[in-house]
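**Q** coordinates only, no sequence provided:
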């Protein structure tokens, strides 16, 4: 194999693919990225048997061939070359020689025979969506998924089409995040559960390629196809819980505060939180007061009183403040609304001007 | 050799000729799902493995299998559903969410919103025994030719005998075989509520239209439509429309249509037009079969004598058997070992039917109400025909169901001689054999006495 390409382009591809290689697998070749030079195209592939990626890199190919190079080595090396310009790879016997105008390197390779093929998803179910919107949907909810693998459907992000929107949902059964993204009609798929462990990789890959992404679905796999990048991930089989029925429709107390104020209050009070991360919210409708307090008997206590508009009954309720702060980055508008339904019912948080994101969180017991 | 042995032997051969790394990566968690007519289905954990085995090891695996079982002709790879058991190890792993926050009351999305069918109910999970084979055969015939044979199908039987399971299975199977057929499952209560709502909002026509578009309409617990005249009228029209267009209609009820009180005659006769099947209580052998199936679903095995014991002691509904199985599963998991005979005895203790402790007076009242006569007249010394029959029946039931002694029955029912009571019981017993209607009536009365 003999190829030559632009260093920055291959660096970008290597950073992405190396993330996906399996570091501690029983199959050593999985820690490699595969260079595949064929038909005047260079494809770089990597997989950990859970997720697989193929990236096309523009290159001049003088001799076709395949070689598996340890991912961390080649990424570590290429990303630390300061000079720009071209870089060439030539593969002979079991080593690959990498050279730039100022640099000559030899890297040992592994046998590429054992490198698995990346499954091609050939389902009829497909739709296309703007990649930045898709990423936004995933980013808005995925932190709410469950870390435990007891219930695979909860350690996933649930995506389904609903009346001109794509809806993204994740929950760990203590809080739930839902984000609606406007898309063109995507009627031809029911729903999909993407394992949340694979979400960071999917986000990274889709973030780099702007524009439309084609999403293909089959029974066990989902694949994303954008300009020169193919990424496929396992999907979770199972049924996501029927969360809509627990979204409350009416509220007894509604509060609107500035997001900035609330986020500052959270940060200040987090210093005084106890080991359960408990934070107390109390709303007094007569005095129009929204106060946020934390208490730790070893450290001290703190109360923030925020300017707010208050409607409805007074309430005194406790939350895990981490759950509250998690959702703030997903809310775009300047003010946020809190809707309560009594002290043991879930709280709904939404942006005031943008209702496409809904966050539901359960209170803590005393 | 069973599938597991074949595959284990094949794996030994494969392990010898591939590297250890390759073997543990690609052959871990594989097993044979099915080996039928020479087609072997091999379960693999994920699509990567599927593609790789197909591309790289297919010939090799095939040859190894062929050496062990000569009838193997082809080999398919199927991505198996995730095994949740393997995540047991993660239980111990740190759980960030161990805060005292309450959980959201999430429930599974079990029921398909469009047709109301619960996918859990299938024929595969339906145990066929002598008691329900007729109903099952009728169901199978309908699945093959919906709307053409046995239209309507009317299934009746006491609670917990598997009516809902059977009719939902029909719906699910028809849906599977003909995806374009519109199947709809509705309880009669839902039907009534829909009708009332549509009347309230002046949308009766929408209601009519919405029910008329179905190819298969399944209506559960139709007995609740008794006393609801408007609903019966709507059902009558709906029935006619569907029936005329050869759409399949299926009903279930806890009574024979003739015994549903206050049901219009025109509906009764229409229900009887197709096929009426009764599902009686499961017999002992069927109860054993059901128990074994349920235990197998839960991966638990019990010795035959315990299964015998449960089958003998838990009479009646399948639901109770399910309850016992769930109880055993739960206890087994808790104790992490198999339960012994005494523990199971203890578990079943609470499920045994309580001895009927109804007072004689209550029984008389039920019977008097059933025949629409004055309660007092049963105690009187009258020989009017409409009184004599209920009185004799009362004696019979008190004797058979409540084990009251002959002299006591005589004494309580207006100071009669115990020989009179014996005569009455014998007479009823005799007549029951020839008079089908009487037997039905007695069964109904018995079911009212708890």
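**A** Sure thing, it's come through. Computed from a predicted model, the values in this text were never measured in an experiment. Residues are numbered from 1 along each chain as shown, chains lettered A, B, ... in the order given.
**Q** how close does residue A:205 sit to chain B?
**A** 18 Å (Cβ to the nearest Cβ, to the nearest Å). Placement of C-beta: from N, CA and C, glycine included.
**Q** doesn't residue B:376 belong to a helix?
**A** Yes - counting by DSSP: H, G, I helix; E, B strand; the rest coil, residue B:376 is part of a helix.
**Q** for the closest residue to residue B:178 other than its chain neighbours, give me the pLDDT.
**A** Leaving aside its chain neighbours, residue B:178 sits nearest to residue B:146 (7.7 Å; criterion: Cβ to Cβ, 6 or more residues apart in numbering or on different chains). Per-residue confidence (pLDDT) for residue B:146: 86.
**Q** does residue A:286 touch residue A:313 like I think?
**A** No - with contact defined as Cβ atoms under 8 Å, residue A:286 does not reach residue A:313; the gap is 10.5 Å.
**Q** which one's more surrounded, these two?
**A** residue A:313 (14 against 7; other Cβ atoms under 10 Å in any protein chain shown).
**Q** does the lengthiest helix in chain A reach chain B?
**A** Ranked by residue count, the top helix of chain A under DSSP state H comes out as helix A:7-20. No - Helix A:7-20 is not in contact with chain B by Cβ under 8 Å from any Cβ of the partner chain; minimum separation 12.3 Å.
**Q** for chain B, which spans come out with low pLDDT?
**A** Within chain B, the ranges that satisfy pLDDT under 70 run B:1, B:81-114, B:316, B:350-358, B:450.
**Q** tell me the centre residue of it?
**A** For chain B, residue B:162 is the residue whose C-alpha lies nearest the centre (Cα atoms, centre = their mean; 2.4 Å).
**Q** distance of that residue relative to residue B:289?
**A** 12 Å (Cβ to Cβ, to the nearest Å).
**Q** the residue in the stretch 151-300 of chain B positioned nearest to chain A: which element?
**A** Taking Cβ to the nearest Cβ, chain A has its nearest neighbour within the stretch 151-300 of chain B at residue B:179, 13.6 Å off. Here residue B:179 sits in a region with no helix or strand, counting by DSSP states H and E.
**Q** how about the one 5 residues further on?
**A** For residue B:184, the element it lies in under DSSP H and E is strand B:183-187.
**Q** next up, the contacts around residue 310.
**A** If you meant another chain, say so; for now it's chain A. A:253-255, A:283-285, A:288-290 (Cβ atoms under 8 Å, 6 or more residues apart in numbering or on different chains).
**Q** my bad, the chain I had in mind was chain B
**A** B:287, B:291, B:321, B:324, B:344, B:348.
**Q** again, 6 Å this time
**A** Residue B:310 sits next to residue B:348 when contact means Cβ atoms under 6 Å, 6 or more residues apart in numbering or on different chains.
**Q** any idea which helix or strand comes after whatever helix or strand it lives in?
**A** Per DSSP H and E: residue B:310 is located in helix B:304-313. Where DSSP H and E defines the elements, the next helix or strand beyond helix B:304-313 is helix B:318-335.
**Q** tell me what angle that following helix forms with helix B:304-313.
**A** For helix B:318-335 against helix B:304-313, the angle by axes from the mean of the first three to the mean of the last three Cα atoms, to 10 degrees is 140 degrees.
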